[in-house]
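Trainee: from the sequence below, what's the structure:
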Amino acid sequence: MSSLSGSLFQKALRESELRPHFYAYYYKQWSQYSMAFHQHNYTEIMYLISGSCVVEVRVDDRPVETYRLKRGELIVLDASVPHRLIVEETCRMLNVEFGFVSQPGYAPPINQMAQKTSSLNELMENTFSSLILSDTGEIYRVLKALVLELDQAGADDKYIVHLLFCELLLRVAEQRKEQLNARERPAQLYVRKSIEFLHQNYDRSIQAKDVAAAVNLHHGYLHRIFKSHTGRTLTDYLTMLRMEKAKQLLGQSDISVAEIADYVGISSRQYFHLLFRKYTGQTPSNYRDALVRDSWAKTNISQISGEDF
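Mentor: Numbers count the residues shown, from 1 in each chain. Next up is the predicted model:
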């Protein structure tokens, strides 16, 4: 059995058939306790069963990150991350510390699990120094069973131990995914409302700040989430919307080019020409002429094909 890094993000964990090795596991009650910063070459999960505590994490030269955990919350600390526990009153904690080794085992290796489970693959692809999760009860159930089994077995090569660890890792990955999705839902709602506003108001002069005001968000934050969800800035999306509407009007109506500029909310005809040419590679007049020629050609072909010889 060869020991490797205990990080969830090590390259070997994806490329080799590795299984867990446990360095510590315990239930413990802490009262008015403060430990010094320390680090170790394995991953640690601290689960708060009752009470409250503070976990401080120090990464590189950044300010110390402080997390206050309450009942039913856990923190996952990656290997070699300096951290410390502070208990102001009393708390009860469930803890497991593990790394990965090359050894035979009963459960599937981590890399095979990641290949078949998108949530675990995403967990291992997105590095973190620490991760806070709120448990619905499933993680506690599995973690408790794992620690009890380790305590009774006294070794980490038992069938049930490996299976429980696999479930623990999957439960953590799924809970992380659920929390990310929950955070994204409000952002998706704001983006949808912004798009609705643009579709309803593209025919008048509007700016990004007007959209932000309409959905009650700071314009900088709206810009970030809109770009993240659509791949476009608000201005780019508005331009696309206006140009697509202009193309429709040029092809399906006799409205003059100058009027079409007004129809799509652009007061300057010169600016409209500039945007349209940039968007389509043609001037509005050339675009309309090309549509007319194409329609004429199709009509003649249809008439010719319908003649009797």
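
Trainee: helices or strands up against the lengthiest strand in the chain?
Mentor: If you go by DSSP state E, the chain has its longest strand at strand 83-102. Counting contacts by 3 or more CB pairs under 8 Å, 6 or more residues apart in numbering; DSSP states H and E, strand 83-102 is packed against strand 2-3, strand 19-34, strand 43-57, helix 138-153. C-beta: built from backbone N, CA, C; applies to glycine.

Trainee: pull out the buried positions in that strand.
Mentor: 83-85, 87, 91, 93-101 (16 or more other CB atoms under 10 Å).

Trainee: closest to R224 among those residues?
Mentor: H83 (29.7 Å; CB to CB).

Trainee: distance-wise, check the closest one relative to E56.
Mentor: 6 Å (CB to CB, to the nearest Å).

Trainee: mind listing the shared neighbours of these two?
Mentor: Here H83 and E56 have F37 as joint contacts, going by CB atoms under 8 Å, 6 or more residues apart in numbering.

Trainee: could you point out where this structure is predicted with low confidence?
Mentor: 1-4, 105-106, 153-157, 294-309 (pLDDT under 70).

Trainee: show me the helices in it, by range?
Mentor: Along the chain, counting by DSSP state H, helices occupy 11-15, 110-116, 118-125, 138-153, 159-201, 208-214, 219-230, 234-252, 257-263, 269-280, 284-305.

Trainee: next, format those helices as CSV and append mean neighbour count.
Mentor: Below are these laid out as CSV (neighbours: other CB atoms under 10 Å):
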stretch, mean neighbour count
helix 11-15, 14
helix 110-116, 16
helix 118-125, 17
helix 138-153, 17
helix 159-201, 17
helix 208-214, 17
helix 219-230, 16
helix 234-252, 18
helix 257-263, 17
helix 269-280, 16
helix 284-305, 12
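
Trainee: now tabulate these in TSV and tack on distance to V76.
Mentor: TSV is the format used below for those (distance: least, CB to CB, whole Å):
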stretch	distance to V76
helix 11-15	15
helix 110-116	15
helix 118-125	9
helix 138-153	10
helix 159-201	7
helix 208-214	35
helix 219-230	25
helix 234-252	36
helix 257-263	55
helix 269-280	47
helix 284-305	56
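
Trainee: out of those, which is closest to K28?
Mentor: Closest among the helices of the chain, using CB to CB: helix 138-153, at 10.8 Å.

Trainee: output the contacting helices and strands for that closest one.
Mentor: Secondary-structure packing of helix 138-153 (3+ CB pairs under 8 Å, 6+ apart): strand 19-34, strand 43-57, strand 83-102, helix 159-201.

Trainee: what's the angle between the longest one and strand 83-102?
Mentor: The one in question is helix 159-201. Counting by axes from the mean of the first three to the mean of the last three CA atoms, to 10 degrees, helix 159-201 lies at 110 degrees to strand 83-102.

Trainee: elements contacting helix 159-201?
Mentor: Looks like helix 159-201 contacts strand 19-34, helix 110-116, helix 118-125, strand 130-134, helix 138-153, helix 208-214, helix 219-230, helix 234-252 (3+ CB pairs under 8 Å, 6+ apart).

Trainee: so which of these gets nearest R185?
Mentor: That would be helix 219-230 among the helices and strands packed on helix 159-201, by CB to CB, at 11.4 Å.

Trainee: chain center to the closest one: distance?
Mentor: Distance, stretch centre to chain centre, for helix 219-230: 14 Å (CA atoms, centre = their mean, to the nearest Å).

Trainee: send me that helix as CSV with only the CA atoms.
Mentor: Taking C-alpha atoms only, helix 219-230 is exported to CSV below (Å, rounded to 0.1, in the frame of the first residue of the first chain):
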residue,chain,number,x,y,z
HIS,A,219,-26.2,47.2,-12.6
GLY,A,220,-22.7,45.7,-12.0
TYR,A,221,-24.1,42.5,-10.5
LEU,A,222,-26.8,42.2,-13.2
HIS,A,223,-24.1,42.6,-15.8
ARG,A,224,-22.1,39.7,-14.3
ILE,A,225,-25.0,37.2,-14.0
PHE,A,226,-26.5,38.1,-17.4
LYS,A,227,-23.1,37.5,-19.1
SER,A,228,-22.7,34.3,-17.2
HIS,A,229,-26.1,32.9,-18.1
THR,A,230,-26.4,34.1,-21.7
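
Trainee: report the angle between it and helix 234-252.
Mentor: Going by the same axes, to 10 degrees, helix 219-230 makes 60 degrees with helix 234-252.

Trainee: mind listing residues that contact helix 219-230?
Mentor: So helix 219-230 is contacted by 187-188, 190-191, 194-195, 208-209, 211-212, 215, 232-234, 237 (CB under 8 Å, 6+ apart).
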